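# okay, predicted coordinates and the sequence, questions at the end:
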Amino acid sequence: MTQPVAISFQHSDAEALASAQGRIALLAEPGVTLAPLARRLDKLTRGAISRAVASEAFGALKAGEGMDLGFPAGLAADAVQILRLPRKATPEQARKAGASVGKALSGQGTLVLAEAHPLAAEIAFGLAMRAYDFTPHKTAPAKPVGAVTLMVNAPEEVASAARAGAAVVEGVFFTRDLVNEPANVLTTDDFAARLAAMQELGLEVEILEEDDLRKLGMGALLGVGMGSESPSKVVVMQWKGGPREEAPFALVGKGVVFDTGGISIKPAAGMEDMTMDMGGAAVVAGVMRTLALRGAKANVVGLVGLVENMPDGRAQRPGDVVRSMKGDTIEVINTDAEGRLVLADVMWYAQERFKPKGMIDLATLTGAIIIALGHENTGVFSNDDALCDALLKAARAEGEGAWRMPMGDAYDAKLKSRIADMMNVGGRDGGAITAAQFLARFVKPEVPWCHLDIAGTALLKSDSTLAPKGATGWGVMALDRLIRDRFEAK
């Protein structure tokens, strides 16, 4: 797993500035007196810091953005990075400032002068989140990032405040690594093994193999993987941090390790991106890792369906009819609408076995959600206003875009089949909504449920504030916040 950069917290030390190697980052705001260490740095650079802060270029920056002074006179450092961040900044702005530092880490080390800023822990979080690089398949040595030191007035307090964030960062990195891995490496066997290894963190992990799934009647899930050499699996991860008698909250993830579309094969252009079609399962895994690392006081079960959708002589065909674990029959109109077949069986199994107090599923489910919302927001569908509102609130608090989408009987009617209980698709119009309507048929009426379509947010072609281009880890922060705020014993 990609390891987050190590960050140490130390008392402010004016004597260390002149000899600091690599980069130095400091916080400033036009018209506001510099903090003590920043004033010391300004003196060492003969007023270069104060002149930069008073410049039009610095004044044009938004909160969290920064500018560099290259090879500043009077210092051993290669550069001084000046970040615009007021004391009354929002957590999102503080994380953005940290990310500006994380993006430019130096191999000789980085010294961040956070001093008495009340959001120093959020600065550290943003720095760690952005300092990610997926390099295991590159032969060139990874770019060194060096040691990172935050100088603050109360290092023990800031380190304590940053501890929960460090667990989230590790969960996000675990998710990103899974989504970034090529499919010849991250097979269903390899994916399951990585999840089983989390038993050392205190999770209970169980792997259901194809024979187990057949006995359970998971015909919808098994049909998806019939054309692959990789065996289909369901992995169950339990975190028992709450009262023994309390029902768990369930997270369910789609884990299609590669999606060719099956017999309804996708166009060649862009198919390489379908290594990310297990993004929902990766987020579930990252959340479970975070909960274990921070010792969450809640009962949560994470279930992922791991399959590969390939075309061969045994592959599922358009027009086939499969029977789900619930007992409903499904006419497979399009084998490229496979994720909902996987989720249908895993969601039903989660409810039958664990009787959860609520359930959220995550999937890179439809291209239609990208047409509707682009890459800025995950599509949210729900049968329960309270759970949905809590999820949206958590996503807003963590700066992860999410938008509620409609559902209704008129959409549901589009799934009617002539020969089975339902079809697996309902046409191009409203495609993300009809996919959610399909999943809703496998949710028991008494179970509060949200469906998150992360097709547009799981992997990006350009950098975002907290991640380089590639896998984002969207959802780990929001779901961890939801569980912390709504389900943990206080």
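That came through, no problem.

# the longest helix anywhere in the chain packs against which elements?
Taking DSSP state H as the criterion, the chain has its longest helix at helix 155-180. Identification of packing neighbours for helix 155-180 by 3 or more C-beta pairs under 8 Å, 6 or more residues apart in numbering; DSSP states H and E yields strand 7-11, helix 120-130, helix 279-294, strand 470-471, helix 476-486. Every C-beta, even on glycine, is put in place using the N, C-alpha and C of the backbone.

# columns mean pLDDT, distance to residue 27 and mean neighbour count on top of those, output as a markdown table?
What follows is those, written out as a markdown table (pLDDT from 0 to 100; distance: least, C-beta to C-beta, whole Å; neighbours: other C-beta atoms under 10 Å):
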| stretch | mean pLDDT | distance to residue 27 | mean neighbour count |
| --- | --- | --- | --- |
| strand 7-11 | 97 | 15 | 16 |
| helix 120-130 | 98 | 8 | 28 |
| helix 279-294 | 98 | 27 | 29 |
| strand 470-471 | 98 | 29 | 22 |
| helix 476-486 | 98 | 23 | 23 |
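
# between these, which gets nearest to residue 194?
Smallest distance to residue 194 across the helices and strands packed on helix 155-180 (C-beta to C-beta): 7.7 Å, for helix 279-294.

# what angle separates the next helix or strand after the closest one from helix 476-486?
Using DSSP states H and E, the helix or strand that directly follows helix 279-294 along the chain is strand 299-309. In terms of direction (axes from the mean of the first three to the mean of the last three C-alpha atoms, to 10 degrees), strand 299-309 departs from helix 476-486 by 150 degrees.

# partner strands of strand 299-309, with direction?
strand 233-240 (antiparallel), strand 249-259 (parallel) (DSSP bridges).

# after the longest helix of the chain, next one along is what?
Counting by DSSP H and E, what follows helix 155-180 is helix 188-196.

# so what does whichever helix or strand comes after that next one touch, helix or strand wise?
Next helix or strand after helix 188-196 toward the C-terminus (DSSP H and E): strand 204-208. Packed against strand 204-208 by the contact rule (3+ C-beta pairs under 8 Å, 6+ apart) you find helix 188-196, strand 233-240.

# which of the residues in the first one are classified as buried?
To tie it back to what came earlier, the one meant is helix 188-196. Applying a neighbour-count criterion of 16 or more other C-beta atoms under 10 Å, one finds 188, 190-192, 194-195 buried in helix 188-196.

# can you list the residues that contact it?
With contacts defined as C-beta atoms under 8 Å, 6 or more residues apart in numbering, helix 188-196 is touched by 178, 205, 207, 225, 230-233, 235, 237, 255, 257, 278, 281, 285, 304, 306-308.

# related to what we said a few turns ago, need the helices and strands packed on helix 155-180 in JSON lines (columns: distance to residue 319).
Output for these, formatted as JSON lines (distance: least, C-beta to C-beta, whole Å):
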{"stretch": "strand 7-11", "distance to residue 319": "56"}
{"stretch": "helix 120-130", "distance to residue 319": "46"}
{"stretch": "helix 279-294", "distance to residue 319": "27"}
{"stretch": "strand 470-471", "distance to residue 319": "35"}
{"stretch": "helix 476-486", "distance to residue 319": "37"}
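
# nearest to residue 382 among those would be which one?
Of all these, helix 476-486 comes closest under C-beta to C-beta, at 12.6 Å.

# what angle sits between that closest one and helix 120-130?
Using the same axes, to 10 degrees, helix 476-486 lies at 140 degrees relative to helix 120-130.

# centre of the chain versus helix 476-486, how much separation?
12 Å (C-alpha atoms, centre = their mean, to the nearest Å).

# can you name every helix or strand that that helix contacts?
Under the contact rule (3+ C-beta pairs under 8 Å, 6+ apart), helix 476-486 is packed against helix 155-180, helix 279-294, helix 385-397.
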